[in-house]
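Visitor: Quick one, fold the following:
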Amino acid sequence: MPNAEYWRGRFEQLELALLDQGLDYYTEVEQQYRIALQAMERDVSVWYKRLAVNNNISYVDAKKLLTANELKEFHWTVGDYIKHGEENNVSPTWIKQLENASAKVHISKLESMKLQFQQSLEVLYGNQLDGLDKTMQQMYADGYYHTAFELQKGIGVGTQLQRLNEVSIQQIVSKPWTPDGKNFSDRVWDNKDKLLNQLHTELTQATIRGDGLDKVIRTLSENMNRSKSAAGKLVMTESAFFASASQKDCFNNLGVNKYEIVATLDRKTSSICRHLDGKVFAMSDFQPGTTAPPFHCWCRSCTAPYFEDDNGKRAARNEKGKTYHVPATMKYEDWKKSFVGNGSKEGLQKAVDNGIKKVVYKEVKTINEANQFATTTLGIKHADYTGLDVQVANEWNRGLTDSFNAFPELRQQFNFTGECHKRNDQLKPVARQVFLDNFIKQNPGIDVERLKPYAEQELKKFMSMMRVPSDVYASSWLPKTEAFQEFAGVAFNKVQGKDAGKLLENLQFDVMNKFHPVGCDTIRSVLDHEVGHQIDGMLGISNLNSVKILFDGHTVNEITEQLSRYAWKNNNKNRYSEFIAEAWSEYCNNPNPRAIAKEIGEIIERKYAEWKKMNLEKEQKS
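Guide: Numbering: from 1, shown residues only. Take a look at the predicted model:
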């Protein structure tokens with residue numbers, strides 16, 4: 001097992017490589033600023049020559065309306081701007097402003113120049129946003145995969161890694177991470193508006209003062225350079241954050257429990273980074289700006305995994321035991337072909353020790369701690385219990401801990417746990433993009449703006465289907481669409497779960513009235529019901545003839561008396577699904593499960609043992 005210095009060195013090199021991507025993009029931004037400045041200087045020079053007397057210009061002349069010929073030329077220019085905007089994905093708001101300007105019959109010479117300035121900035125910042133978005137997405141993906149590579153190569157053992165979903169990456173980079181709630185897109189447009197206001201004000205004041213062309217161009221250049229510096233600060237700060245975020249997510253998904261701050265120590269190192277260098281934190285304490293980079297603008301600090309004794313081996317295993325030796329000489333591209341997605345393991349030696357450590361449940365006091373337990377300890381990618389009583393969140397985590405220990409492979413299906421509405425809030429933007437992408441694929445050549453309303457219609461129907469009625473306790477979801485699998489798992493309804501005391505009263509009432517099975521009057525029983533659906537999805541229990549015969553061989557009254565009313569009467573299209581979930585819940589929670597629940601429980605355990613044995617045989621043959 002490598003020592004701490006090995007990990008510090010490897011991850012410091014990785015951080016520098018990732019930040020170099022940001023620096024490379026900033027070089028492009030600088031070139032874009034040069035091009036924009038040259039165009040603006042050319043435009044203002046032409047404008048000055050038309051209006052200036054003895055190289056000076058007056059406010060009175062600038063406020064004069066364009067002549068008929070000048071107006072005609074202006075309309076041509078605006079038409080070119082609109083065409084360029086439509087072809088290069090410029091802001092729709094600006095396109096609308098241009099269309100309004102093209103319809104004007106009275107416009108001053110000063111207004112026309114301001115519009116030319118704005119056109120240059122809209123193109124500049126539109127390109128900047130597109131490039132920044134692309135760079136951050138690439139940096140996150142590279143950071144995630146390279147982090148996994150360094151971990152697995154360093155430990156010497158590797159396992160299959162799920163390929164990152166493009167829609168999910170887009171959602172990650174679009175999510176605000178600073179206290180003011182703004183993402184980099186908001187900041188790009190804020191910088192544009194600030195610069196535009198400065199340029200417009202300076203131009204107006206220059207005409208009032210009667211400044212010469214040289215002074216106007218000098219002021220223009222100074223403002224553009226200040227804006228360029230702000231762009232550099234934004235690019236590098238966002239780069240540092242997404243490099244850090246990619247490592248955090250990879251650490252969590254691979255089971256790293258602690259991390260160490262690694263500062264680049266030289267004369268440029270800030271006092272805060274120098275002070276935090278070498279500090280070790282639990283992954284549950286990971287907070288950008290406080291306990292994790294970036295700690296300030298242009299921050300170069302990074303994180304490295306921190307292992308005590310031999311605990312690092314946990315980070316190289318998955319729950320299915322498919323682990324392989326990763327040679328120390330293995331190259332990144334070869335590793336990626338083998339371990340990302342469904343890569344071939346041909347030529348790799350299987351690891352002998354495939355033991356799986358049991359997860360230990362820990363009760364917490366806050367919702368934030370419950371979220372951290374679900375992501376860090378249980379390894380679920382997304383967790384948000386906001387809106388639920390902390391007792392509900394604790395029981396949910398307790399049940400998931402026991403379920404994952406009993407069925408380790410089940411964890412592979414879980415990417416979300418928490419509250420139903422929070423899941424849907426995160427799902428909605430992903431679904432919107434999925435439906436839009438489908439329409440674009442089905443209708444090549446059609447303008448995207450024309451397709452958006454159709455995508456919104458599909459989104460509305462989909463989200464209506466995903467809506468959780470107020471009288472429903474919880475839901476289980478196991479979607480087939482790849483982009484939606486990011487939200488597969490189980491979630492509790494805050495309408496029912498915001499007050500644990502009231503919830504328990506409702507559950508007791510349901511059991512008393514035979515709506516739910518005997519013994520299922522606890523929060524944990526709700527979790528076991530939803531997990532029953534997940535087990536059904538993993539093992540195909542509802543497809544077994546023995547289960548169908550058991551259900552079909554009983555009347556509605558018999559199932560109500562011997563299991564529950566909900567096992568028969570529900571809205572699930574799969575007539576056997578709720579029957580299985582209700583039986584599993586009783587099997588897990590009734591000390592003396594009745595005949596139907598006991599039979600279903602034993603079928604599940606028997607089927608799981610067969611399934612596991614079959615997978616092991618396949619693995620040995622491969």
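Visitor: so where's the stretch 251-400 of the chain uncertain?
Guide: 309-322, 328-329, 349-358 (pLDDT under 70).
Visitor: ok, 80 please
Guide: Counting by pLDDT under 80, the stretch 251-400 of the chain contains low-confidence ranges at 265-267, 308-330, 341-359.
Visitor: Now do the helices in it.
Guide: Taking DSSP state H, counting those that start in this stretch as the test, the helices found in the stretch 251-400 of the chain are 271-276, 332-339, 367-372, 390-406.
Visitor: Find the one among these with the highest mean neighbour count.
Guide: Mean neighbour count (mean count of other C-beta atoms under 10 Å) peaks for helix 390-406 among those, with a mean of 22. Where C-beta positions appear, they are placed from N, C-alpha and C, glycine not excepted.
Visitor: Can I get the helices of the stretch 251-400 of the chain in JSON lines including distance to Lys428?
Guide: Compiled in JSON lines, the helices of the stretch 251-400 of the chain are given as follows (distance: least, C-beta to C-beta, whole Å):
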{"stretch": "helix 271-276", "distance to Lys428": "37"}
{"stretch": "helix 332-339", "distance to Lys428": "32"}
{"stretch": "helix 367-372", "distance to Lys428": "20"}
{"stretch": "helix 390-406", "distance to Lys428": "23"}
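Visitor: Can you say which of these is nearest to Met236?
Guide: Met236 lies closest to helix 271-276 among those, at 14.3 Å (C-beta to C-beta).
Visitor: and the closest one, what does it pack onto?
Guide: Packed against helix 271-276 by the contact rule (3 or more C-beta pairs under 8 Å, 6 or more residues apart in numbering; DSSP states H and E) you find no helix or strand.
Visitor: so how far is that helix from its chain's centroid?
Guide: The chain centroid and the centroid of helix 271-276 are separated by 29 Å under C-alpha atoms, centre = their mean, to the nearest Å.
Visitor: What strand or helix carries the residue positioned nearest the centre of the chain?
Guide: In the chain, the C-alpha nearest the mean C-alpha coordinate belongs to Ile172, at 2.9 Å (C-alpha atoms, centre = their mean). Assigned by DSSP states H and E, Ile172 falls within helix 166-174.
Visitor: Repeat that for Val44.
Guide: Using DSSP H and E, Val44 maps to helix 4-51.
Visitor: same question, Trp611
Guide: helix 595-621.
Visitor: next one: that helix to chain centre, how far?
Guide: With C-alpha atoms, centre = their mean as the basis, helix 595-621 stands 35 Å off its chain's centre.
Visitor: and that helix with helix 390-406, angle?
Guide: Interaxial angle of helix 595-621 relative to helix 390-406 (axes from the mean of the first three to the mean of the last three C-alpha atoms, to 10 degrees): 50 degrees.
Visitor: other SSEs contacting the following helix or strand past the helix holding Ile172?
Guide: As assigned by DSSP H and E, the chain's next helix or strand after helix 166-174 is helix 184-209. Identification of packing neighbours for helix 184-209 by 3+ C-beta pairs under 8 Å, 6+ apart yields helix 59-62, helix 109-155, helix 213-253.
Visitor: model confidence over helix 184-209, on average?
Guide: Mean per-residue pLDDT for helix 184-209: 82.
Visitor: With stretch 600-610 instead?
Guide: What stretch 600-610 shows for mean pLDDT is 93.
Visitor: Tell me which residues are up against it.
Guide: Applying C-beta atoms under 8 Å, 6 or more residues apart in numbering, the contact partners of stretch 600-610 are 407, 535, 539, 541, 544, 546-547, 550, 579-580, 583-584, 587-588, 593.
Visitor: Weed out the non-buried ones from those.
Guide: Buried members of the contacts of stretch 600-610, counted by 16 or more other C-beta atoms under 10 Å: 407, 535, 539, 541, 544, 547, 550, 579-580, 583-584, 587-588, 593.
Visitor: Mind picking the two most distant members of the residues you listed?
Guide: Largest separation among the buried ones among the contacts of stretch 600-610 by C-beta to C-beta: Phe407 and Leu550, giving 21.5 Å.
Visitor: In the stretch 51-200 of the chain, where is pLDDT below threshold?
Guide: Applying pLDDT under 80 to the stretch 51-200 of the chain picks out residues 51-110, 112-113, 155-157, 159-160, 162, 178-183, 189.
Visitor: Flag every buried residue along the helix holding Trp611.
Guide: Neighbour counts over helix 595-621 (16+ other C-beta under 10 Å) mark Ile596, Ala597, Glu599, Ile600, Gly601, Ile603, Ile604, Lys607, Tyr608, Lys612 as buried.
Visitor: Which segments of the chain make up each domain?
Guide: For the chain, automatic domain parsing gives the domain ranges 24-139+165-236, 366-498, 499-622.
Visitor: ok, and the closest non-adjacent residue to Ala36?
Guide: Leu124 (4.3 Å; C-beta to C-beta, 6 or more residues apart in numbering).
Visitor: cool, Arg163 as well?
Guide: Residue nearest to Arg163 in three dimensions, not counting chain neighbours: Gly341, with 4.2 Å by C-beta to C-beta, 6+ apart.
Visitor: Return the residues in contact with the one you found.
Guide: Leu161, Gln162, Arg163.
Visitor: How about Thr417?
Guide: Ala374, Leu378, Ile380, His382, Ala383, Tyr385, Trp396, Leu400, Gly489, Val490, Ala491.
Visitor: how close does it sit to Val167?
Guide: Thr417 sits 20 Å away from Val167, going by C-beta to C-beta, to the nearest Å.
Visitor: Same question for Ala39.
Guide: 36 Å.
Visitor: Look at these two and report which has more neighbours.
Guide: Taking neighbours as other C-beta atoms under 10 Å, Ala39 and Val167 compare with Val167 leading, 19 against 16.
Visitor: Name all residues that make contact with the more buried one.
Guide: So Val167 contacts Val430, Gln433, Val434, Ala483, Glu486 (C-beta under 8 Å, 6+ apart).
Visitor: Nearest approach to Tyr140 belongs to which of the helices of the stretch 251-400 of the chain?
Guide: With distances scored as C-beta to C-beta, the stretch of the helices of the stretch 251-400 of the chain nearest to Tyr140 is helix 332-339 (15.4 Å).
Visitor: which residues are contacting that closest one?
Guide: In this structure, residues lying in contact with helix 332-339 by C-beta under 8 Å, 6+ apart are 145-146, 148-149, 152-153, 158-161, 324, 326, 343-345, 348.
Visitor: For these, pick the one with the most neighbours.
Guide: Gly158 (27 neighbours).
Visitor: Confirm that that residue sits in a helix.
Guide: No - assigned with DSSP: H, G, I helix; E, B strand; the rest coil, Gly158 falls outside any helix and is strand.
Visitor: what about the spatially closest residue to Glu260 that is not a sequence neighbour, how many neighbours?
Guide: Once flanking residues are discounted, Glu260 sits nearest to Tyr306: 4.4 Å by C-beta to C-beta, 6+ apart. Neighbourhood size, Tyr306 [other C-beta under 10 Å]: 22.
Visitor: list the contacts for Tyr306?
Guide: Counting by C-beta under 8 Å, 6+ apart, Tyr306 makes contact with Ala4, Trp7, Val256, Lys258, Tyr259, Glu260, Val280.
Visitor: Tell me the most packed of those, by neighbour count.
Guide: Neighbour count (other C-beta under 10 Å) singles out Tyr259 as the most crowded of the contacts of Tyr306, with 26 neighbours.
Visitor: is it true that it touches Asp285?
Guide: No - using C-beta atoms under 8 Å, Tyr259 is not in contact with Asp285; the gap is 9.2 Å.
Visitor: In stretch 24-34, which residues are buried?
Guide: Neighbour counts over stretch 24-34 (16+ other C-beta under 10 Å) mark Tyr25, Tyr26, Val29, Gln32, Tyr33 as buried.
Visitor: Out of these, the closest to Gln412 would be?
Guide: Tyr25 (35.2 Å).
Visitor: what's the distance between the residue nearest to that closest one when sequence neighbours are not counted and Lys175?
Guide: Counting by C-beta to C-beta, 6+ apart, Tyr25 lies nearest to Thr135, which is 4.4 Å off, once chain neighbours are set aside. Remark: distance between Thr135 and Lys175 (C-beta to C-beta) = 16 Å.
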